[in-house]
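1. one predicted model, sequence on top.
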Number of protein chains: 2
Amino acid sequence: MTRARPYDREAALDAAMTLFWAKGYHATSLKDLESALNMKPGSIYAAFSSKESLFRAALEKYFTTMNTTMSTELNGAESALGALADYIRIMGRTAADDPHRSACMLIKTLLGVTSADGIIADDARQYLDQMLAAFEAQFERSKNLGELPADTDCHRLARRYQASISALKIEMHRGTKPNELAALADDMASEFEALRVKPN
Amino acid sequence: MTRARPYDREAALDAAMTLFWAKGYHATSLKDLESALNMKPGSIYAAFSSKESLFRAALEKYFTTMNTTMSTELNGAESALGALADYIRIMGRTAADDPHRSACMLIKTLLGVTSADGIIADDARQYLDQMLAAFEAQFERSKNLGELPADTDCHRLARRYQASISALKIEMHRGTKPNELAALADDMASEFEALRVKPN
DNA sequence: GCTAAATTTGAGCAATCACTCAAACGTGAC
DNA sequence: GTCACGTTTGAGTGATTGCTCAAATTTAGC
């Protein structure tokens, strides 16, 4: 009874995410989005209401994707602590031409918008808090496995871990040479691995 | 024989730096600058040529200011390694309402501009490299003082140190609570202090 | 007071911004 | 075939963008 959409909403959102991630909120214009999504302005507004809410949807997709990937990698390993360390080490081996060799979209957003841009910054903050909680849960799991001392402050540890991830991704964005990036990641990973209780 | 400028160039540059630092390159408009510098568009262009070169001048001022402050704090102490650790610990005690409780302008710039914005990103990268070199020199100084093992890789260490600073400033921007921020800074500082060779 | 040089002024430029809406279009029910 | 509904279309909205330039203004030398 009605005309079908010629576009795939998820695919469009994915294109928007990629573009916003690369250029940032302010530097991305509606014209850019029109060609990236292959949609006319009217359709974009019918589908996503405004530039701001399109960005928010794209940011949510970024978070969901990253969080899912991360959860899979962390839950799969037998050692919770080892998985956290490996996650950093592997990230440090991202290929030089990988499109993901870029800063985290959440961090870019947090630094790139102000309170004048509505609740976008709050979104980013909230997602970062959720990731922090996920890291904390993983450290707790490690503690319950007996890998970490019983008096370990997992929240504090998780914050340090997240700070390491953020810094590592910034180094990727910066274009740090592969061997130096890997060395940095190894240093960071070792720092957490060193907390493991030694069997006596 | 000629009309005097009614404004102080350095003061204007300082106002531009503060504004650009807070809002970022793209989100700062000429109107914003006009009121912040208290100058009309013609005067701004006569003094600084373009928005881009005004930004570049402001970024240079940021770098020079930060680099000078840092050098003073690092050179003053008797222990080179201790000074590096203290620099982080003190940063982690930045007051919650301090206007400097914000991300580093170099990092914000690096993440907030693309190659379409001329050589701005290259400027930021170059300044970051200079700071990295300064950290490396300080670690070298520490090694020569006998605080660090003779086989210490100071370049690698400096990169890790800079990554810690970047991450800490991002946490400031994020609004992390004072006690958690201080704890994170202490953890980071301890990591470097722990490298000190024990007297036997 | 006059002149010449350096500077400020601010209205206004073309281009672009995010966004809108009347019209055209496709679709399934009947 | 016709209709009603949902959708796309894209020229066009007013506002704002970075920026310009002829005119006004301030100085110092003579």
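-> Received it, and whenever you're ready, just let me know what you need. No experiment lies behind these values; they were computed from the predicted model shown.
2. pLDDT value on the closest residue to DNA strand D within chain A, please?
-> Per Cβ to the nearest atom of the strand, residue A:42 is where chain A lies closest to DNA strand D, at 2.1 Å. Where you see a C-beta, it was placed from the backbone N, CA and C, and this is true even at glycine. At residue A:42, the model reports a pLDDT of 95.
3. ditto for the one 3 residues further on
-> On pLDDT, residue A:45 comes in at 97.
4. just to revisit the earlier point, and the residue of chain A closest to DNA strand D, what element?
-> Using DSSP states H and E, residue A:42 maps to helix A:41-48.
5. for the record, mean pLDDT for the helix or strand following that helix?
-> Later in the chain than helix A:41-48, the nearest helix or strand by DSSP H and E is helix A:51-76. What helix A:51-76 shows for mean pLDDT is 97.
6. low-confidence ranges, chain A, go.
-> Along chain A, the model assigns pLDDT under 70 to residues A:1, A:200.
7. residues in it within reach of DNA strand D, list them.
-> Proximity of chain A to DNA strand D, by Cβ under 7 Å from any atom of the strand, involves residues A:1-7, A:39-43, A:46-47.
8. tell me the buried residues within those.
-> Listed as buried from those are A:39, A:43, A:47; burial here means 16 or more other Cβ atoms under 10 Å in any protein chain shown.
9. redo those as CSV? Include distance to residue A:99.
-> Below are these laid out as CSV (distance: Cβ to Cβ, whole Å):
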residue, distance to residue A:99
A:39, 22
A:43, 26
A:47, 25
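10. in what helix or strand does the residue nearest to residue A:71 when sequence neighbours are not counted lie?
-> The shortest distance from residue A:71 to any non-neighbouring residue, by Cβ to Cβ, 6 or more residues apart in numbering or on different chains, is to residue A:134 (6.9 Å). Using DSSP H and E, residue A:134 maps to helix A:120-144.
11. three-state assignment of residue A:78?
-> When classified by DSSP: H, G, I helix; E, B strand; the rest coil, residue A:78 comes out as coil.
12. and it, how many residues sit next to it?
-> 7 (other Cβ atoms under 10 Å in any protein chain shown).
13. coming back round to it: report the angle between the helix holding residue A:134 and helix A:51-76.
-> 10 degrees (axes from the mean of the first three to the mean of the last three Cα atoms, to 10 degrees).
14. check the offset of helix A:120-144 from the chain's centre.
-> Here helix A:120-144 is found 11 Å from its chain centre; the criterion is Cα atoms, centre = their mean, to the nearest Å.
15. so which elements touch that helix?
-> Where contact means 3 or more Cβ pairs under 8 Å, 6 or more residues apart in numbering or on different chains; DSSP states H and E, helix A:120-144 is packed against helix A:51-76, helix A:80-91, helix A:105-112, helix A:154-174.
16. got the ones you listed as JSON lines, with distance to DNA strand C and mean neighbour count columns?
-> Formatted as JSON lines, the helices and strands packed on helix A:120-144 follow (distance: least, Cβ to the nearest atom of the strand, whole Å; neighbours: other Cβ atoms under 10 Å in any protein chain shown):
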{"stretch": "helix A:51-76", "distance to DNA strand C": "3", "mean neighbour count": "16"}
{"stretch": "helix A:80-91", "distance to DNA strand C": "32", "mean neighbour count": "19"}
{"stretch": "helix A:105-112", "distance to DNA strand C": "13", "mean neighbour count": "26"}
{"stretch": "helix A:154-174", "distance to DNA strand C": "22", "mean neighbour count": "21"}
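17. adding distance to residue B:151, write these out as JSON lines.
-> As requested, those are exported to JSON lines (distance: least, Cβ to Cβ, whole Å):
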{"stretch": "helix A:51-76", "distance to residue B:151": "34"}
{"stretch": "helix A:80-91", "distance to residue B:151": "23"}
{"stretch": "helix A:105-112", "distance to residue B:151": "34"}
{"stretch": "helix A:154-174", "distance to residue B:151": "24"}
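18. what's the first-to-last distance across stretch A:86-99?
-> 21 Å (Cα to Cα, to the nearest Å).
19. what of stretch A:35-50?
-> End-to-end distance for stretch A:35-50: 16 Å, by Cα to Cα.
20. then stretch A:33-51?
-> End-to-end distance for stretch A:33-51, by Cα to Cα: 9 Å.
21. briefly note if it comes near chain B.
-> No - Stretch A:33-51 stays clear of chain B (Cβ under 8 Å from any Cβ of the partner chain), getting no nearer than 13.5 Å.
22. next one: that stretch to chain centre, how far?
-> Mean-position distance between stretch A:33-51 and its chain equals 25 Å (Cα atoms, centre = their mean).
23. ok, residues contacting it?
-> A:7, A:9, A:12, A:15, A:16, A:18, A:19, A:30, A:54, A:57 (Cβ atoms under 8 Å, 6 or more residues apart in numbering or on different chains).
24. circling back: and of the buried ones among the residues of chain A next to DNA strand D, the nearest to residue A:182?
-> residue A:39 (40.5 Å; Cβ to Cβ).
25. give me the element that closest one is part of.
-> Applying DSSP H and E, one finds residue A:39 in no helix or strand.
26. residue A:61 versus that one, what's the distance?
-> Separation of residue A:39 from residue A:61 (Cβ to Cβ, to the nearest Å) stands at 16 Å.
27. the residue nearest to residue A:71: neighbour count?
-> Other residues close to residue A:134 by other Cβ under 10 Å number 15.
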